[in-house]
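*Asks:* Fold the following, please.
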Amino acid sequence: MTKLQALVFDVDGTLADTERDGHRVAFNKAFSDAGLDWDWTVDIYGKLLSVTGGKERIKYFLKHFLPEYQPPADLDSFIADLHAAKTEHYKALMVDPGLPLRPGVERLLREARAAGMRLAIATTTTPANVTALLRNSLAEDAEDWFEVIAAGDIVPAKKPAPDIFVWALEQLGLPPENCMAFEDSDNGVKSVLGSGIRSLLVTVNDYTRNQDFSGATVVVDHLGTDEQPCKVLTGPELIKDRVDLDALQAIHEHAWK
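*Replies:* Reported below is the predicted structural model:
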């Protein structure tokens, strides 16, 4: 039997709905500070999410939404400065007003820790953003809950490339068959599967619910709580009301049978 030893989590959209009310708002604040009249609406930002990475997203926006814009000579530095300012705004937003974790996330993390399950993060967002979310939405010492935090530019190719999950597996010292990944987007699914991980649980959100999750073992609306039971959208009916460790082991065995 393939033993499940580690859970590897994406962050944005998976642990919390940070995209619409976190990153998008922070980008707009950074644009305003720089004297730019750019406004990333909820709809525009949904389109930009096809591109992973904040700096890459700005470049895509300029090319496809503002082709008439005359960028400064050193475009990379200009974008890096905007992104750095955005990160500061995001960190502030995590403190006030803050963002809640998605249903069932804290419960599952605490259950996993208590059972000795190894935990890791694999995300394209910056380490500072990860820290801000974990400390303010989970616990002051929440970074220490995760043995590995693979984040930002630690690898050159971002999702859907598998590099960030491959790096996380290397740091854990585990093969793919001992790990389960948690994602929320089609780019994330491609990244996970490319790393060799077959045990994959997807939690959809408003931005991603209509994407293609082919290859995911199970797709649910969220992880579930006593007050908010979760619903299996696609995949085997191995979950009852909420995703717990017994359900994860069943999902993992199904993926590798």
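*Asks:* what distance separates the one helix or strand residue 80 maps to from the middle of the whole chain?
*Replies:* Assigned by DSSP states H and E, residue 80 falls within helix 75-95. The chain centre lies 18 Å from the centre of helix 75-95; the measure is C-alpha atoms, centre = their mean, to the nearest Å.
*Asks:* From the chain's centroid, how far away is the helix or strand following that helix?
*Replies:* Proceeding N to C from helix 75-95, the next assigned helix or strand is helix 105-114, under DSSP H and E. In this view, helix 105-114 has its centroid 17 Å away from the chain centroid, taken as C-alpha atoms, centre = their mean.
*Asks:* Can you point out the buried residues in helix 105-114?
*Replies:* Buried residues in helix 105-114, defined by neighbour count with 16 or more other C-beta atoms under 10 Å: 105, 106, 107, 108, 109, 112. Glycine gets a C-beta too; all of them are placed from N, C-alpha and C.
*Asks:* all helices in the stretch 1-150 of the chain, in order from the N-terminus.
*Replies:* Ranges of helices in the stretch 1-150 of the chain, per DSSP state H, counting those that start in this stretch, are 18, 24-33, 42-48, 54-64, 75-95, 105-114, 127-137.
*Asks:* got a list of contacts for the last one?
*Replies:* With C-beta atoms under 8 Å, 6 or more residues apart in numbering as the contact definition, helix 127-137 has outside contacts at 11, 15-16, 18, 22-23, 87, 90-91, 94-95, 98-101, 121, 123, 142-143, 145, 149, 151-152.
*Asks:* Return the set of buried residues in that helix.
*Replies:* 127, 128, 129, 130, 131, 132, 133, 134, 135, 136, 137.
*Asks:* angle of it against helix 105-114?
*Replies:* Relative orientation of helix 127-137 versus helix 105-114 (axes from the mean of the first three to the mean of the last three C-alpha atoms, to 10 degrees): 100 degrees.
*Asks:* Let me know the closest of the buried residues of helix 105-114 to residue 50.
*Replies:* residue 105 (24.6 Å; C-beta to C-beta).
*Asks:* list the contacts for the closest residue to the closest one other than its chain neighbours?
*Replies:* Nearest non-adjacent residue to residue 105, counting by C-beta to C-beta, 6 or more residues apart in numbering: residue 15, 5.4 Å away. Neighbouring residues of residue 15 by C-beta under 8 Å, 6+ apart: 9, 101, 102, 105, 133, 137.
*Asks:* was I right about residue 49 contacting residue 184?
*Replies:* No: Residue 49 lies out of contact with residue 184 (C-beta atoms under 8 Å); the separation is 10.3 Å.
*Asks:* residues near residue 62, how many?
*Replies:* 17 (other C-beta atoms under 10 Å).
*Asks:* Do you know the pLDDT at the residue nearest to it when sequence neighbours are not counted?
*Replies:* Distance criterion C-beta to C-beta, 6+ apart; nearest residue to residue 62, sequence neighbours excluded, is residue 69 at 5.6 Å. The per-residue pLDDT reported for residue 69 equals 94.
*Asks:* For this protein, give me the ranges with low pLDDT.
*Replies:* 1 (pLDDT under 70).
*Asks:* Quick check: can you list the domain ranges of it?
*Replies:* 6-17+100-256, 19-95 (automatic domain parsing).
*Asks:* which one of those is the most hemmed in?
*Replies:* Neighbour counts (mean count of other C-beta atoms under 10 Å) averaged over each of the domains of the chain peak at domain 6-17+100-256, with a mean of 19.
*Asks:* Run the chain-centre distance for it.
*Replies:* The chain centre lies 8 Å from the centre of domain 6-17+100-256; the measure is C-alpha atoms, centre = their mean.
*Asks:* Also stretch 19-26?
*Replies:* For stretch 19-26, the distance to the chain centre is 13 Å (C-alpha atoms, centre = their mean).
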